[in-house]
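>>> Quick one, fold the following:
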Amino acid sequence: MIQIRRGEERGGGDHGWLKTHHTFSFDQFYDSRWMGFRSLRVINEDWVAAGQGFPAHPHRDMEIITYILEGGIEHKDSLGTSSIIRPGDGQRMSAGRGIRHSEMNPSPTEPVHMLQIWITPDRSGHEPSYEQKAFPEEEKRGKLRLIASPDGDDGSVTIHQDARLYVSLLAPGQRVQHELGQGRHGWLQIAKGAVELNGQKLVQGDGAAISEEKTLSIRGPEPAEVLLFDLA
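Okay, the predicted model is just below:
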């Protein structure tokens, strides 16, 4: 079963310095049909204006992944971390029992386009931590590259949940396949372009909740960038 979440039906709005779309209920946007999917709680697509961003604020008990599509974001946190997250990076912050962080666009002229992803952890009270790695484009072209997992498999960043995040860059006509194990579920998010998922067309901003499907076939009729979550 594949349930499509169309991009134009998402919540959010234009706040001047921030344009945002919420796939799931978030902040002042509430939709009882879309509170999350399995352990996946938030997918926000954000455009942050030059020199703007999210000042220091607290989080706890959430695995937070920032995925950059264009530009860069400067991350700082109460652990002493200071880094720039750029396209191609795999990054996660485990808020654990409590952390403060800021995400600011360091460019004086260019906006940043990114996805902010929250995954509910396997338990509360983990030690707060941060991890960031670069994954070259060639590792994603025409294939599904694992960038986050519970065990750090294949050099991915490690998250506290039985969830795996893959990224793929597809040229026109390219196809990737993924096998979902028994009792596993999937979420496909279209970051750029358009794809066909088991014959169903999805375009930029769309997502798809996947259950009771063994094989996922993802084909790019045009250039595309997709994120695939394999969830318990």
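
>>> Any stretches of this structure with poor pLDDT?
Under the criterion pLDDT under 70, no range of the chain is flagged.

>>> which residues does Ser168 form a beta bridge with?
For Ser168, the beta-bridge partners are Val226 (DSSP bridges).

>>> I'd like to know how many residues surround it.
23 (other C-beta atoms under 10 Å). (Each C-beta comes from the backbone N, C-alpha and C, glycine too.)

>>> ok, now which ones touch it?
By C-beta atoms under 8 Å, 6 or more residues apart in numbering, the contact set of Ser168 is Lys140, Gly142, Lys143, Leu144, Arg145, Val176, Ile218, Ala224, Glu225, Val226, Leu228.

>>> Leaving out chain neighbours, which residue sits closest to the second one?
The spatially closest residue to Gly142, leaving aside those adjacent along the chain, is Gln174, at 4.8 Å (C-beta to C-beta, 6 or more residues apart in numbering).

>>> neighbours of that neighbour, just the number please.
If you count neighbours by other C-beta under 10 Å, Gln174 ends up with 18.

>>> Quick check: the residue most central in space within the chain vs Glu45, distance?
Nearest to the geometric centre of the chain sits Ile117, at 4.4 Å (C-alpha atoms, centre = their mean). From Ile117 over to Glu45 the distance is 10 Å, taken as C-beta to C-beta, to the nearest Å.

>>> now stretch 95-105, how far from the centre of its chain.
Mean-position distance between stretch 95-105 and its chain equals 17 Å (C-alpha atoms, centre = their mean, to the nearest Å).

>>> With just CA atoms, put that stretch into PDB.
Taking Å, rounded to 0.1, in the frame of the first residue of the first chain, the C-alpha atoms of stretch 95-105 are listed here in PDB:
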ATOM      1  CA  ALA A  95      19.200  15.900  21.400                       C
ATOM      2  CA  GLY A  96      19.100  13.200  24.100                       C
ATOM      3  CA  ARG A  97      18.400  14.500  27.600                       C
ATOM      4  CA  GLY A  98      18.800  18.100  26.400                       C
ATOM      5  CA  ILE A  99      20.800  20.300  24.100                       C
ATOM      6  CA  ARG A 100      20.700  23.900  22.800                       C
ATOM      7  CA  HIS A 101      21.600  24.700  19.200                       C
ATOM      8  CA  SER A 102      21.300  27.300  16.400                       C
ATOM      9  CA  GLU A 103      21.100  27.000  12.700                       C
ATOM     10  CA  MET A 104      22.100  30.200  10.800                       C
ATOM     11  CA  ASN A 105      22.600  30.900   7.100                       C
END
